[in-house]
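Visitor: Provided below are the primary sequence and the corresponding predicted coordinates.
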Amino acid sequence: MRWLSLLILCIASLHQGCCTHLEDYFINGPTNVTSSQGKDIVLRCSIKMSDGELEEINWLKDDKPLYVAETSEAVIPLEGTEWQATCELSLPSVQLSDAGNYRCVFLVSGEKLLSEEAHLALEGLPHFSMEPEDMSVTPESSFNLSCLAEGPPEPVMVIWLQDGAPLNSLTDPIAKSPSLLEVFGLNKTSTFSCEAHNAKGVTTSRTAVVRVLPGRPRNIQLISQRNDSLQISWEAGPSGIYPTSVCTVQAAVKDGELGPFSQHVICNRTVSVPPCSHVIRGLAPFTSYIVSLTCRSSEGDSQWTDWVTMETLEGVPSAASDNITASVNGTVLTIWWSEPAGNINGILLGYKLAYERDGLLEEIVDVGLNNEVPLEMNVTFHNITLRVAPYTSAGEGPWSESLTVINTEFDDGRHKSEKSIGPALSWHWWYVIMAVSLALSLAILTAVFLARLRRKETRYGQAFMPDMEQGEPVVRYRVRKTYTRRTTEATWHCVVNRLTDLEAHGDWGNQTQDS
C-alpha cells in the first residue's frame, strides 16, 4: 500500500522529476482539518529516507508557495542508514482567509517530492463580506443597503434592524444572504445593521448611520434688479423633522463654462431663513452674474443648486468724453471728441452737447452717436464754451471739462481741449459793464457842459440877469476888482445899449422917478 501511494504521487508529479528511487522514500502528508475561527491549527508532514540528502522543505496553499509562514523542522536518525524528517506548519487563531488546500514539498538530492493535499475548513459564526455603509440622503428619497454573510456552516440568514428594531424575519425572502434592503424615504436620521444567523450562532454587522440632510433649494427667482444689486427669492428644500435655519448665497461674474467653485466668488453671504430672500449688493451695472444656494439644518448642509444666470440693469457711463477739439469757420463751429475711456455700464445711446455763446443761456442738444458735429451759430459769435456728456438708457454720464473757443479773424484754427483758467463771463456782467459805461458818459458830458458855461460867465460876468423885482426888470452887474481899458469900454457900451432900450419903451421916466 505504501508503494502504491508513492507511485501515484510520483505519477502526479512526473513533470517535476520526482520519480527517482521511490523505494527509498516514505511520505506522511497532512490530514484534513475542520475547525472554527480563532483556534490554533497545526499541519504536519514527514518523510522517511534511507539514502539521499534532504535540502529543503516548503509548504503550498492552493498550489501557491507560503513565503511567510511559521514552520518548524526536525530530523531524527533511525536504524542503520535510515532517518526521518518532520515539518510542522502552525496557523494561530485561524481566520476565514486561512481556509484552503495545503501540501508540503520536499527537495531531496535535487528532486521535488509532493505530499497529498489536506483541506482546512472553518466552521463557526457567520462572517461578513459586505456590511451596510454610512450615507446621507434627502427626505423622501429612496436608497439601498447591502449585507453579505457567509459560513460555514451554511446556510446563513440575515435580519435587518432599523434603530434596533427588526424589519424582517428569517423566513422572509430578504433574509437570504446576500441581502439587499430597499428603503423608500426617511424623514429623520436613522441607524441600520444586519444580523447573520447560521447553525453556530448569530453575528451582528457594523451599525450604519443614514443622515437626513435638507434637499436642495429650488425655484430660485429674480424679484427685482437695479444697476448695482439683485434681489432674489427661493424655496427651501424638504428637511424632514429638522427645520432649515440658514441658507448661504454665492454669486460670481459669469465667465466661460459654469461649474461649482470654478468662478471667482464675489458674494458669499449666510442669511437666516425664513424669509427665503436676499439682496445681493455691490454689483457692477449691466453685468451677467451666476447665483447658487445651499441651506442648512441641524443635520448638515444640502447640496448646492445649479448656477442661475441673472443680469443687473444699465447704469450711467463712469467716465466723460475726452480730447475735445473745435474748429471755427464763419458761423459754423465743428466739434470733435473721443469715446469715454471708462466703463459705459450699458449700451451707449449717444452724446449730449452743451454750449454757451457770448454769455447767453446755455443750450443742450442731443447729437446721437456722432462724435463729430457741425454746429450752425446763425450769427457771428465772439466766444463759446462747450461741454460733452455720454448717456445710456439710465441717464447721463459725467460732463467733460469745458472748452472755450474764441472766434477772431486771425485765429480760425483748431483749439485743443484744455481746462479753463477762469469761468466764462456771465451775461449778468454785461449789464453791469453797460451801466458803468453809460454813467461815465453822462458824467463826462455834464462836466463838459459845466465847463463851457463857466467859461461864458467868466468872460462877460453877470452884467445882465433877467430878474424881476416888484414886477420891474432890473439891470445888475458885478464889479470886478481889476479892470482893463478894454473891459471898461465893453461895459460902457453895454450900459448905453440898455438905456437906449429903456427910452425906446418909455420906461426911462419911471425908472428915473423911482430913483
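Guide: Yep, it's here.
Visitor: ok, what's across the strand from residue 71?
Guide: Under DSSP bridges, the beta-bridge partners of residue 71 are residue 89.
Visitor: wait, I meant residue 375
Guide: Beta-bridge partners, per DSSP bridges, of residue 375: residue 333.
Visitor: now stretch 298-309: buried residues?
Guide: Neighbour-count burial for stretch 298-309 flags 299, 302-305, 307-308 (criterion: 16 or more other CB atoms under 10 Å). In this view, the C-beta of every residue, glycine as well, is placed from N, C-alpha and C.
Visitor: so how far is it from its chain's centroid?
Guide: Distance of stretch 298-309 from the chain centroid (CA atoms, centre = their mean, to the nearest Å) equals 17 Å.
Visitor: start to end distance for that stretch?
Guide: Using CA to CA, to the nearest Å, one end of stretch 298-309 lies 30 Å from the other.
Visitor: need the contact partners of that stretch.
Guide: 136, 138, 189, 211-218, 220, 234, 237, 239-240, 242, 245, 248, 250, 254, 258, 260, 288-296 (CB atoms under 8 Å, 6 or more residues apart in numbering).
Visitor: how about the helices in the protein?
Guide: Ranges of helices in the chain, per DSSP state H, are 2-12, 427-460, 485-505, 508-514.
Visitor: ok, back up a step: next step: the buried residues of stretch 298-309 restricted to strands.
Guide: Judged by DSSP state E, the buried residues of stretch 298-309 include residue 308 as members of strands.
Visitor: which of the contacts of stretch 298-309 count as buried?
Guide: 136, 138, 189, 212-217, 220, 234, 237, 239-240, 242, 248, 250, 254, 289-296.
Visitor: from the residues you listed, which ones fall inside strands?
Guide: 136, 212, 220, 234, 248, 250, 289-296.
Visitor: what's stretch 77-94 in contact with?
Guide: Residues from elsewhere that reach stretch 77-94 (CB under 8 Å, 6+ apart): 30, 35, 37-51, 54, 57, 59, 66, 69-76, 98, 102, 104, 106, 120, 122.
Visitor: and if you look at stretch 174-184?
Guide: Residues from elsewhere that reach stretch 174-184 (CB under 8 Å, 6+ apart): 126, 130, 132, 142-150, 155-160, 167-169, 192, 194, 196, 210.
Visitor: please redo it, this time with the cut-off set to 7 Å
Guide: The contact list for stretch 174-184 (CB atoms under 7 Å, 6 or more residues apart in numbering) reads 130, 142-149, 156-160, 168-169, 194, 196.
Visitor: show the buried residues in the residues you listed.
Guide: In these, burial by neighbour count holds for 130, 143, 145, 147-149, 156-160, 168, 194, 196, counting by 16+ other CB under 10 Å.
Visitor: dump those to CSV, plus distance to residue 364 and pLDDT.
Guide: What follows is those, written out as CSV (distance: CB to CB, whole Å; pLDDT from 0 to 100):
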residue, distance to residue 364, pLDDT
130, 82, 95
143, 70, 96
145, 76, 97
147, 83, 96
148, 85, 96
149, 89, 94
156, 93, 94
157, 93, 96
158, 87, 97
159, 88, 97
160, 82, 97
168, 86, 96
194, 84, 96
196, 90, 96
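Visitor: among those residues, list the two that are farthest apart in space.
Guide: Within the buried ones among the contacts of stretch 174-184, 143 and 156 form the most distant pair, 23.9 Å apart (CB to CB).
Visitor: can you pull the poorly scored residue ranges out of the stretch 151-300 of the chain?
Guide: Along the stretch 151-300 of the chain, segments meeting pLDDT under 70 span 256-263.
Visitor: all strands for the stretch 251-400 of the chain, in order.
Guide: Secondary structure of the stretch 251-400 of the chain by DSSP state E, counting those that start in this stretch: the strands cover 265-272, 277-281, 288-297, 300-301, 308-311, 322-329, 332-338, 350-357, 363-368, 372-376, 383-392, 395-396.
Visitor: rewinding a little: quick one: which of the buried ones among the contacts of stretch 174-184 is nearest residue 227?
Guide: The closest of the buried ones among the contacts of stretch 174-184 to residue 227 turns out to be residue 143 (CB to CB; 46.7 Å).
Visitor: give the bridge partners for the closest one, please.
Guide: residue 183.
Visitor: just checking, it touches residue 133?
Guide: No - contact criterion CB atoms under 7 Å: residue 143 and residue 133 do not qualify, at 10.6 Å.
Visitor: burial count for residue 383?
Guide: Neighbours of residue 383 under the rule other CB atoms under 10 Å: 15.
Visitor: which residues does it form a beta bridge with?
Guide: For residue 383, the residues forming beta bridges with it (DSSP bridges) are residue 406.
Visitor: check residue 122 too.
Guide: Using DSSP bridges, the bridge partners assigned to residue 122 are residue 35.
Visitor: give me the pLDDT value at it.
Guide: With respect to pLDDT, residue 122 scores 85.
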